[in-house]
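In: no FASTA, just this:
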């Protein structure tokens, strides 16, 4: 079983978000499914490879949502609610998979897998440190 890391939480109920050391293997096919909607097959192949080989970095929940230009999903969203339940039970979440955006061209970052986990973590504390694998946008041309 993978080791779990705690991220700090400033909330008074002392809930913390636990994270696995590596993304679940089923996260990569999920990322591929999403990326097939926004990229060519050759680009998708390169991006998934880049995600698999990337090292984990940590970013705050609020910054991830801002960079992706995505709204915060509500706590009653079924996937967010499921992840909040896992957090309450102390079950570690899988790190997220992200493709870097490009501020020069106005292209936002893409959360290829883990949007609901980001939102659940934000609801615990917007400053939750979330581990992620980041594929550079320069991976594809």
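Out: Structure received. Being a predicted model, the structure only gives us computed values, none of them experimental. Residues are numbered from 1 along each chain as shown.

In: What's the end-to-end length of stretch 18-29?
Out: By Cα to Cα, to the nearest Å, the extent of stretch 18-29 from end to end equals 23 Å.

In: tell me which residues of it are tucked away?
Out: Residues of stretch 18-29 classed as buried by neighbour count (16 or more other Cβ atoms under 10 Å): 19, 20, 23, 27, 28. Quick note: C-beta positions are derived from backbone N, CA and C, even for glycine.

In: could the residues you listed go into TSV alongside secondary structure and pLDDT?
Out: As requested, those are arranged in TSV below (DSSP: H, G, I helix; E, B strand; the rest coil; pLDDT from 0 to 100):
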residue	secondary structure	pLDDT
19	strand	98
20	strand	98
23	coil	98
27	helix	98
28	helix	98
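
In: Residues contacting the helix or strand encompassing residue 59, please?
Out: Secondary-structure element containing residue 59, defined by DSSP states H and E: strand 56-60. Outside strand 56-60, the residues within contact range by Cβ atoms under 8 Å, 6 or more residues apart in numbering are 7, 21-22, 95, 126-134.
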